[in-house]
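Chemist: Sequence and computational prediction follow.
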Amino acid sequence: MHYAQLTGSFFLLPCILTASACVTPNPTPAAFTDFNDNIFFFPAANAVQWKTLYARSLQLADESLLMTWENYPAEPPLVSHPIYRSVDGGATYSNFSSIKDQVNGWGMRFQPFLYTLPQAFGGYPVGTLLAAGVSAPESLVGGVYIDLYVSKDSAKTWSFVSHIAYGAGPETITSGNAALWEPFLMMYDGLLVCYFSDQRDPAHSQKLSHVTTNNLLTWSAPVNDVAYSAYNDRPGMTTVAYIASTGEYIMTYEYCGSANCAVHYKTASNPLNFNAATGIALVGNDTAHTVPYGSPYVIWTPNPASASGSGVIIVSSGSLEPVLINGDSANPSGWEVLDVGQWSAYSRSLRIITTPAVKH
């Protein structure tokens, strides 16, 4: 992706994305307002590979916003996951800190994910920040870890906690290479869950797995979430949302291989048992029967106009500028295609945020 840059859009439905076109930035928007396509970071001229990729956000209790992404400066030094911070609703960002590899000597290379502990856990208080990401050598040969880091000071500093999962590599998408990708963190029933894409099983080119911990230090054996019988089928890029009104969980993923990376989803009352649920192709209910492809991301938000506590499921994909929305039941025929004025991009993420002016 030449001339890639990071953009942020913060309104009722903010999409965080990396964009591949070279775009002249708009004037800085006013703080805590609705806006689109606000570019706040350009990669260095000598940045390598994809320049920037896989942006992820987090809002803290003080309503500040954090942003991280895959960053590709020329090496050395080892790559790290930058942390940029905004205190004005995403209008401006400053370089705040970074998550650096402290144990492997490889760098933090792929797919960062930020998470706030919603409860005291593993000896850390509620509100502690966690970051998961993929550490691998620049050569991509020699092994790969999904690693966990913690911040006790609102992202100013980060410390290594544990290896979540290990693969022998090489860290490529070639079938047979024991690679790991795309961690996603979530608390459930007193456990921290890490979902990820898993190439270590010789029976599958790739499958979706999760592991759990009750102390942040030791992790369970992997459990399947999606694993297809055809070897070359490759489900990938797990994201999960809790539907508070029904007590159900929804997982989205791309189904590469025989389904050409069409977005699929599963629902389950227990997010540790997605493997027992049937995957459903996500198709828009418009006249074109729009099919989203690649890099989905799902969130659920309550509807402030609903007295019943019902809400909206929102799904982004890599192939569409619009998002798809549905009611709490995730009815296969209920997916409405909604234009939100955003660029399409690889692995857009979604987050509902609060501002001093408007509480969403």
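Modeler: Happy to help now that I have it.

Chemist: Any stretches of this structure with poor pLDDT?
Modeler: 1-26, 357-360 (pLDDT under 70).

Chemist: Okay, strands next: where are they in the stretch 101-250 of the chain?
Modeler: Listed in chain order, the strands of the stretch 101-250 of the chain (DSSP state E, counting those that start in this stretch) span 108-116, 129-135, 144-151, 159-167, 180-188, 191-198, 207-213, 223-226, 234-243, 248-256.

Chemist: Output those in TSV, with mean neighbour count appended to each entry.
Modeler: Heads up, the C-betas are built off the backbone N, CA and C, glycines and all. Listed next are those as TSV, based on neighbours: other Cβ atoms under 10 Å:
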stretch	mean neighbour count
strand 108-116	24
strand 129-135	26
strand 144-151	24
strand 159-167	18
strand 180-188	21
strand 191-198	24
strand 207-213	23
strand 223-226	21
strand 234-243	24
strand 248-256	24
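
Chemist: so which of the ones you listed gets nearest His289?
Modeler: Among these, the nearest to His289 by Cβ to Cβ is strand 248-256 (16.8 Å).

Chemist: name the helices or strands packed onto the helix or strand just after the closest one?
Modeler: Downstream of strand 248-256, the first helix or strand assigned by DSSP states H and E is strand 262-268. Of the remaining helices and strands, those touching strand 262-268 by 3 or more Cβ pairs under 8 Å, 6 or more residues apart in numbering; DSSP states H and E are strand 248-256, strand 280-281.

Chemist: what's strand 262-268 in contact with?
Modeler: Contact with strand 262-268 is made by 225-226, 235, 243, 248-255, 274, 276-282, 291-294, 296, 298, 315, 317, 330, as judged by Cβ atoms under 8 Å, 6 or more residues apart in numbering.

Chemist: hmm, try it at 7 Å
Modeler: Residues from elsewhere that reach strand 262-268, judged by Cβ atoms under 7 Å, 6 or more residues apart in numbering: 248-255, 274, 277-282, 291-293, 296, 315, 317, 330.

Chemist: re the thing from before, adding distance to Leu324, write the strands of the stretch 101-250 of the chain out as JSON lines.
Modeler: Shown next, in JSON lines, are the strands of the stretch 101-250 of the chain (distance: least, Cβ to Cβ, whole Å):
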{"stretch": "strand 108-116", "distance to Leu324": "22"}
{"stretch": "strand 129-135", "distance to Leu324": "26"}
{"stretch": "strand 144-151", "distance to Leu324": "29"}
{"stretch": "strand 159-167", "distance to Leu324": "30"}
{"stretch": "strand 180-188", "distance to Leu324": "19"}
{"stretch": "strand 191-198", "distance to Leu324": "21"}
{"stretch": "strand 207-213", "distance to Leu324": "20"}
{"stretch": "strand 223-226", "distance to Leu324": "19"}
{"stretch": "strand 234-243", "distance to Leu324": "13"}
{"stretch": "strand 248-256", "distance to Leu324": "10"}
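
Chemist: Pro170: what's it in contact with?
Modeler: Contacts of Pro170 by Cβ under 7 Å, 6+ apart are Leu140, Val141, Asn177, Ala179.

Chemist: Am I right that Asn285 is in a strand?
Modeler: No. In this structure, Asn285 is coil, not part of a strand, as judged by DSSP: H, G, I helix; E, B strand; the rest coil.

Chemist: That one - how many residues pack around it?
Modeler: Counted with other Cβ atoms under 10 Å, the neighbours of Asn285 add up to 15.

Chemist: Report whether Asn275 is found in a helix, as I expect.
Modeler: Yes. Assignment of Asn275 by three-state DSSP places it within a helix.

Chemist: Just give the closest residue to it, not the sequence neighbours.
Modeler: Asn224 (4.6 Å; Cβ to Cβ, 6 or more residues apart in numbering).

Chemist: how close does Ser295 get to Asn46?
Modeler: In this view, Ser295 and Asn46 are 27 Å apart by Cβ to Cβ, to the nearest Å.

Chemist: The two: which is more packed in?
Modeler: Ser295 (24 against 8).

Chemist: what's the helix or strand for that one?
Modeler: Applying DSSP H and E, one finds Ser295 in no helix or strand.

Chemist: from what I can see it touches Cys256, true?
Modeler: No. With contact defined as Cβ atoms under 7 Å, Ser295 does not reach Cys256; the gap is 10.5 Å.

Chemist: tell me how far stretch 222-233 is from the chain's mean position?
Modeler: Remark: stretch 222-233 is offset 20 Å from the chain centroid, using Cα atoms, centre = their mean, to the nearest Å.

Chemist: Stretch 127-139 too?
Modeler: On Cα atoms, centre = their mean, the centre of stretch 127-139 falls 13 Å from that of its chain.

Chemist: Also stretch 257-265?
Modeler: On Cα atoms, centre = their mean, the centre of stretch 257-265 falls 18 Å from the chain's centre.

Chemist: Show me what counts as buried in it.
Modeler: Gly257, Ala259, Cys261, Ala262, Val263, His264, Tyr265 (16 or more other Cβ atoms under 10 Å).

Chemist: Between the two ends of that stretch, how far is it?
Modeler: 16 Å (Cα to Cα, to the nearest Å).

Chemist: go on, stretch 222-238?
Modeler: First residue to last in stretch 222-238 (Cα to Cα) measures 14 Å.
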